[in-house]
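J.: Model the following, please.
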Amino acid sequence: MTGRRPARPRRIRLGQRTIHVENLDRDLRGDFYHYAMTASWPAFFGALAAWFVAMNALFATLYSLGPDAIADARGPLDRFFFSVETLATVGYGDMHPQTLYGHAVATVEIFLGMISLALLTGLLFARFSRPRARLLFARRAAIGPFDGAPTLMLRVANARHSAISGATARLWIIATTRTAEGIRMRRFRELPLERSENPAFALTWTLMHRIDASSPIAGLDGGGLAAVDAQFVVTITGFEENSAQEVHARHSFAHADIDFGARYVDILSVLSDGVTRLDYAGFHATAPVDERGP
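T.: The predicted model follows:
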């Protein structure tokens with residue numbers, strides 16, 4: 001028996017799915033870096049602020065344990081602000097340690113402050129320097145005829161309009177199946193794309209999977225995909241030239257996000273002066289196969 005309290009159930013989002021998780025030990029001490037990197041910016045700075053206040057409150061309490069450890073400190077609030085000045089190595093001079101005990105506590109606080117500053121600098125740099133691709137994925141996918149065959153289509157755009165060299169896309173379907181023994185499992189299979197590589201992805205890119213006899217989704221309509229609780233996951237990797245870093249992006253959509261017998265509305269046109277026009281107003285829109293849209 002470890003005596004550790006069981007973790008409370010929680011719900012997490014994985015793409016379009018909500019998962020109820022129970023009995024998972026979320027020990028922050030064992031994976032602090034992961035939580036520091038994945039927390040939202042408000043949560044990240046809120047945690048830092050809480051740590052800062054708690055650290056200074058702790059040292060203010062330690063200073064109060066020594067009689068007259070801090071000169072001119074008239075109460076708990078003075079000792080707290082002296083701790084803030086010491087932790088930040090500011091030292092205004094109106095308050096200072098005046099006993100051996102006070103100097104010892106201040107030495108420990110300065111040492112911890114230097115370590116904390118180094119850790120904070122590293123975390124902030126890691127969060128800011130993470131390569132992120134600003135890719136815009138269409139909210140709906142479409143299945144419609146293309147080159148004489150039904151085709152699953154997913155549109156994506158590079159919101160930065162900076163070239164991503166050697167962009168590579170992969171598409172999977174995750175569906176519920178049963179083994180010969182009757183065991184229920186979630187399995188994934190890759191869906192081959194008509195064009196899985198883009199030498200210079202800068203504007204838009206429509207990923208297409210031809211639904212032929214060998215396709216894992218051949219013969220499945222909306223009801224068939226719903227019966228297996230199908231989920232589609234697409235990943236894109238490439239080298240962004242502006243940041244000179246490799247970037248990764250992932251998006252998932254559920255079976256309910258597919259429009260059957262449809263294609264994407266065309267968002268490219270040519271202006272009177274010959275300049276290509278890209279209108280994102282219809283980026284997420286699909287239209288029946290007998291309607292081309294604007």
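J.: for the stretch 101-250 of the chain, what spans make up the strands?
T.: Under the criterion DSSP state E, counting those that start in this stretch, the stretch 101-250 of the chain contains strands at 135-137, 141-146, 149-158, 164-178, 184-191, 197-201, 204-210, 231-240, 245-254.
J.: Just give me how far stretch 111-119 sits from the chain centre.
T.: Averaged C-alpha coordinates place stretch 111-119 at 28 Å from its chain's average position (CA atoms, centre = their mean, to the nearest Å).
J.: Now that we have the strands of the stretch 101-250 of the chain, can you turn them into TSV and tack on mean neighbour count?
T.: Placement of C-beta: from N, CA and C, glycine included. Converted to TSV, the strands of the stretch 101-250 of the chain look like this (neighbours: other CB atoms under 10 Å):
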stretch	mean neighbour count
strand 135-137	20
strand 141-146	20
strand 149-158	21
strand 164-178	17
strand 184-191	12
strand 197-201	16
strand 204-210	20
strand 231-240	20
strand 245-254	16
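J.: For Met114, which of these is the nearest?
T.: Among the strands of the stretch 101-250 of the chain, the nearest to Met114 by CB to CB is strand 245-254 (30.4 Å).
J.: The closest one pairs with which strands, and in what direction?
T.: strand 231-240 (antiparallel) (DSSP bridges).
J.: pLDDT averaged over the strand it pairs with - what is it?
T.: Strand 231-240 shows a mean pLDDT of 93.
J.: quick one, that strand and strand 164-178 angle?
T.: In this structure, strand 231-240 runs at an angle of 160 degrees to strand 164-178, with axes from the mean of the first three to the mean of the last three CA atoms, to 10 degrees as the basis.
J.: list the contacts for Ser215?
T.: Residues in contact with Ser215, defined by CB atoms under 8 Å, 6 or more residues apart in numbering, are 191, 209.
J.: repeat for Leu193
T.: Listed by CB under 8 Å, 6+ apart, the contact partners of Leu193 are 169-171, 207-209.
J.: Distance check, the most centrally placed residue in the chain against Leu268.
T.: Per CA atoms, centre = their mean, the C-alpha nearest to the average position across the chain is that of Thr38, at 6.7 Å. Distance check for Thr38 against Leu268: by CB to CB, to the nearest Å, it reads 36 Å.
J.: And the contacts of Leu193, which two are furthest apart?
T.: Among these, the pair separated by the greatest distance (CB to CB) is Arg170 and Met208, at 13.2 Å.
J.: Phe59 is in contact with Pro76, correct?
T.: No - taking CB atoms under 8 Å as the definition, Pro76 is not a contact partner of Phe59, at 11.7 Å.
J.: what sits up against stretch 81-98?
T.: Surrounding stretch 81-98, the residues in contact under the criterion CB under 8 Å, 6+ apart are 52, 55-57, 59-60, 63, 68-73, 78, 103, 105-106, 109-110, 112-114, 116.
J.: one more time with 10 Å
T.: Stretch 81-98 is contacted from outside by 52-53, 55-63, 66, 68-74, 78-79, 102-107, 109-110, 112-114, 116-117, using CB atoms under 10 Å, 6 or more residues apart in numbering.
J.: go on, stretch 262-278?
T.: Outside stretch 262-278, the residues that touch it by CB under 10 Å, 6+ apart are 138, 140-146, 151, 153-155, 157, 161, 203-204, 206, 279-289, 291-294.
J.: before we move on, the earlier item: would you mind putting the strands of the stretch 101-250 of the chain into CSV with distance to Ala43 alongside?
T.: What follows is those, written out as CSV (distance: least, CB to CB, whole Å):
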stretch, distance to Ala43
strand 135-137, 24
strand 141-146, 32
strand 149-158, 29
strand 164-178, 29
strand 184-191, 30
strand 197-201, 32
strand 204-210, 33
strand 231-240, 26
strand 245-254, 22
